[in-house]
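Q: quick one: sequence plus predicted model below, questions after.
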Amino acid sequence: MLAWNQPAAAGSLLFRVQPEASEITFRATSRLMNADGHFSRFSGEVIVDPAVPTSARISLSIDAASLDTGIGMRDRHLRSADFFDAERFPTIVFRSVRVEAAGRRATVVGRLSLHGVTREIALPVDVQMSDAALVASGEFIVNRGDYGMNYNSLLNPIGNEVRVAFTFRARVP
């Protein structure tokens, strides 16, 4: 297991996420109208020795206020204290703790900090990597209640599980 404060191995490469070629989407369900959206501002990097995929260290930072569902009123509500509270918690952060790899599949275990709460999660990831580029994609479920997002409506009950999908394209700078 690598810690973020350990130096990278000699054969390690630094890949920077290209936000313009990547995506983070989410889907929250409710009785009346599901919320499908995405985050438009994020950055990240992966440091990994391609010969040793389990050496990977991943860091991702998302601007919480960049969420977009295509409905302005709903977006303002999601940015409010009822949900993301983007003014108090402007950044969503993920940092890996370890990577378990088997071929093109990996499980990335890391700490997700969201809405002032940090929890360890495991993400299944499909990975393609060369000496110049990396593509990682996956899907997982976040329980919004685990992160203190407990708002609900009697008129339009909201599910606690939010499905998050991502595709990150990264290149060596």
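A: It's in. Note that this is a predicted model, so its numbers are computed, not measured.
Q: doesn't Ala28 make contact with Gly159?
A: Yes: contact between Gly159 and Ala28 holds when scored by C-beta atoms under 8 Å: they sit 6.5 Å apart. Backbone N, C-alpha and C define where each C-beta goes, glycine included.
Q: neighbour count for those two, which is higher?
A: Set side by side, Gly159 and Ala28 show more neighbours around Ala28, with 21 against 16, by other C-beta atoms under 10 Å.
Q: which element is the more buried one on?
A: Remark: Ala28 resides in strand 23-30, with elements defined by DSSP states H and E.
Q: next SSE downstream of that strand?
A: On the C-terminal side of strand 23-30, the closest following helix or strand by DSSP H and E is strand 35-39.
Q: quick one: that following strand to strand 23-30, angle?
A: 160 degrees (axes from the mean of the first three to the mean of the last three C-alpha atoms, to 10 degrees).
Q: can you point out the buried residues in strand 35-39?
A: Buried positions in strand 35-39, judged by neighbour count with 16 or more other C-beta atoms under 10 Å: Ala35, Gly37, His38, Phe39.
Q: tell me the phi and psi of the nearest residue to Phe84 once chain neighbours are set aside?
A: With sequence-adjacent residues excluded and distances taken as C-beta to C-beta, 6 or more residues apart in numbering, Phe84 is closest to Ala64, at 4.7 Å. Its backbone dihedrals place Ala64 at phi -60, psi -30, with angles given as degrees, to the nearest 10.
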